[in-house]
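Asker: here is a sequence with its predicted model. Questions after.
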Amino acid sequence: MSALLTVSDVDHTYPDGTAALDGVSLRVAPGEFVSVVGPSGCGKSTLLRLAAGLLTPSAGTVGRGAGSLGCVFQDPTLLPWRTVRRNVELAAELHRLPRAERRSRAEGALDRVGLAGFAGARPGTLSGGMRMRVSLARALALRPDLFLFDEPFGALDEITRSRLGADLEGLFQADGFGALFITHSVVEAVTLSDRVLVMSARPGRLLAEVEIPLDRPRARFGPEFGELAEKVSTALRGEA
Amino acid sequence: MRIVRRVVPPLGVLVLVVAAWFVASNVLLKPDRRFLLPSPDAVVRISYLDRYHLADLLRALALSAQVALAGLAIAFVVGVASAVLMSQARWLERSLYPYAVLLQTVPILALIPLFGYWFGFGYVSRVLVVVLFALFPVIANTLFGLRSVDRGHHDLFTLYGAGRLTRLWKLQLPTAVPSIFTGLRVSAGAAVIGAVVGDFFFKQGQPGIGQLIQNYSQGTTPELLFGSVLLSSLFGLVVFLVFAGVARRVASWHESNES
């Protein structure tokens, strides 16, 4: 099957001269969960913005397969003047889906992230974790073939974070979308991914690739899990 | 309780000022000089308790209010529209904004005779003076609001393929709402000033409150001069309070929903 996302030999340098990425190549196949871990400021977010088409690479190519795209950023980017339901409808609305269709998709998506009872609430009244769920539901409502995540749980507390991770794993198992997941948490990457790519400090290069052949849903504290996490950590440290 | 704490102190000052005024007028001034500062009770009696004088004042005030509101409405529509236009292209902003600033820096009073020359010395020119006073705050604040959209929100709209108009309508304008109301609050104050100033210059047709002030200043009843000045101040205060209240409500609504 053809890849959902193909990044080939991409360099990126910002207009101010900051080199963010250096020769990065990766592929995301349908139904595959790929994480990128790396130190802060290593160009992970740049990689994601390139993959989303929000940036054009200075060199190399970014190709995306057919099918729709869902994005979840670290900031939930909800519109404060809209209710939760209308926020979830936004992506579908911008894609010009008919009203009834986007309404039913929004309700379905809210139900799946466990916020069915909050459709009428305003984002300002929700907790950080709930806002992130709304943001997730907004992307889910598009039924994307490819999901891009930019440290979606980075701003959340540990408990909320692991709960959301588990929910995301459930959604992934049910839908089988392809995903590119940017994070600085090794545990999160190993829990969620089929493959973990380790990135160097700026300018970001890919240092190592670790396959995670564990069965889902994954226990976080088995010996195999620990071994794989150690492998990723070692690759990261080798850089630092 | 909060209302009491906010209202009682200025009310206390008001009582003190009126008392001082009363003393100055009735004790300090000799009767033959009292016309310089007529006693507050005389002002109220002659201006507000006299049916005919009150009718004159209220009719003039109503006309001035109408002029101010008409000018404010025009300034609002023109101001928001030109800010939207400027927000759509840098070159438009670069070409037009200097003239918006010019509105603010040119001595408006110097332009006023031109208005009379072009549009006559009546209602139309009075409204235009108000527009001139009220336009800039709306433009500047709206433009600021349209430009203050979060980058993440812009990304979101780009990502999902929103066009320019969709972005304007569903993202930029809603983001700008509190700023637009801030601009409107500032403009409302300016509009009241503009309406009184316009009266001083354009005297054809029904008199507004500014014109009454001028007429009374040359008359033989100083109580009416003071009564009309007080009434126009009260008018400005009420307009300010109303628009400030609205702007505050809108802003707090927005803030409480901040994500």
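Answerer: Looks like it came in fine.

Asker: excluding its backbone neighbours, what's nearest A:P152?
Answerer: With sequence-adjacent residues excluded and distances taken as Cβ to Cβ, 6 or more residues apart in numbering or on different chains, A:P152 is closest to A:V72, at 4.5 Å. For every residue, glycine as well, the C-beta is placed using N, CA and C.

Asker: who does that neighbour bridge with?
Answerer: As for beta bridges, A:V72 partners with A:F149 under DSSP bridges.

Asker: how far away is it from chain B?
Answerer: 10 Å (Cβ to the nearest Cβ, to the nearest Å).

Asker: and that residue, what does it touch?
Answerer: The neighbours of A:V72, taking Cβ atoms under 8 Å, 6 or more residues apart in numbering or on different chains as the test, are A:M132, A:S135, A:L136, A:A139, A:F147, A:L148, A:F149, A:D150, A:P152.

Asker: equivalent analysis for A:S162, please.
Answerer: A:R220.

Asker: per-residue pLDDT, the residue lying farthest from the centre of chain A?
Answerer: Distance to the chain centre peaks in chain A at A:A100, reaching 28.0 Å (criterion: Cα atoms, centre = their mean). A:A100 is assigned a predicted lDDT (pLDDT) of 92.

Asker: one more: A:P76?
Answerer: The model's pLDDT for A:P76 equals 91.

Asker: pretty sure it contacts A:V134?
Answerer: Yes: A:P76 is within contact range of A:V134, at 6.4 Å (criterion: Cβ atoms under 8 Å).

Asker: what sits in contact with each of those two?
Answerer: By Cβ under 8 Å, 6+ apart, the residues touching both A:P76 and A:V134 are A:P123.

Asker: can you give me the helices for the stretch 51-200 of chain B?
Answerer: B:51-88, B:90-105, B:108-119, B:123-147, B:151-159, B:164-167, B:173-201 (DSSP state H, counting those that start in this stretch).

Asker: those: which one's closest to B:V23?
Answerer: helix B:51-88 (25.3 Å; Cβ to Cβ).

Asker: looking at the closest one now, give me its mean pLDDT.
Answerer: Here the average pLDDT along helix B:51-88 is 94.

Asker: distance between it and the chain's centre?
Answerer: 8 Å (Cα atoms, centre = their mean, to the nearest Å).

Asker: re the thing from before, buried ones only from the contacts of A:V72, please, as a ChimeraX command.
Answerer: Buried subset of those, written as a ChimeraX selection, criterion 16 or more other Cβ atoms under 10 Å in any protein chain shown:
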select /A:132,135,136,139,147,148,149,150,152
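
Asker: lowest pLDDT pick from the contacts of A:V72?
Answerer: For those, the least confident entry is A:P152, with 87.

Asker: quick one: low-confidence parts of chain B?
Answerer: Where chain B drops to pLDDT under 70, the residues are B:255-259.

Asker: got the residues of it near chain A?
Answerer: Selection of chain B residues close to chain A by Cβ under 8 Å from any Cβ of the partner chain yields B:150, B:152-153, B:155-162, B:166, B:170-171, B:174, B:177, B:254, B:256-259.

Asker: what's the ChimeraX line that selects buried ones from the residues you listed?
Answerer: Buried members of the residues of chain B next to chain A, defined by 16+ other Cβ under 10 Å, are picked up in ChimeraX with:
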select /B:153,155,156,157,159,160,162,170,171,174,177,254,257,259
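
Asker: what residues does stretch B:126-137 touch?
Answerer: Contacts of stretch B:126-137 (Cβ under 8 Å, 6+ apart): B:67-68, B:70-72, B:74-76, B:78-79, B:100-101, B:103-104, B:108, B:111-112, B:115, B:119, B:183-184, B:186-188, B:190-191, B:193-195, B:197-199, B:201-202, B:208.

Asker: domain-wise, how is chain A divided?
Answerer: A:17-59+A:145-240, A:78-143 (automatic domain parsing).

Asker: lowest-confidence stretch among those?
Answerer: Checking each of the domains of chain A, the one with the poorest mean pLDDT is domain A:17-59+A:145-240, at a mean of 87.

Asker: all strands of chain A, in order?
Answerer: With DSSP state E, the ranges of strands along chain A come out as A:5-13, A:19-28, A:33-37, A:59-64, A:69-72, A:146-150, A:178-183, A:195-199, A:206-211.

Asker: within the sheet, what are the partner strands of the third one, with directions?
Answerer: Listed by DSSP bridges, the sheet partners of strand A:33-37 and their directions read strand A:178-183 (parallel), strand A:195-199 (parallel).

Asker: point out the residues in chain A that sit beside chain B.
Answerer: A:49, A:52-54, A:69, A:71, A:73, A:75-81, A:90-91, A:93-95, A:122-125, A:131.

Asker: so A:R161 makes contact with A:T191?
Answerer: No: taking contacts as Cβ under 8 Å, A:R161 lies outside contact range of A:T191: 10.8 Å.

Asker: so which of those two has more stuff around it?
Answerer: A:T191 (24 against 19; other Cβ atoms under 10 Å in any protein chain shown).

Asker: quick check: the more buried one touching A:L168?
Answerer: No: A:T191 is beyond contact range of A:L168, at 9.4 Å (criterion: Cβ under 8 Å).

Asker: now do the contacts for B:I74.
Answerer: B:I74 neighbours (Cβ under 8 Å, 6+ apart): B:V127, B:V130, B:V131.

Asker: from these, pick the one nearest chain A.
Answerer: B:V131 (29.5 Å; Cβ to the nearest Cβ).

Asker: residues contacting B:N26?
Answerer: B:R34, B:S39.
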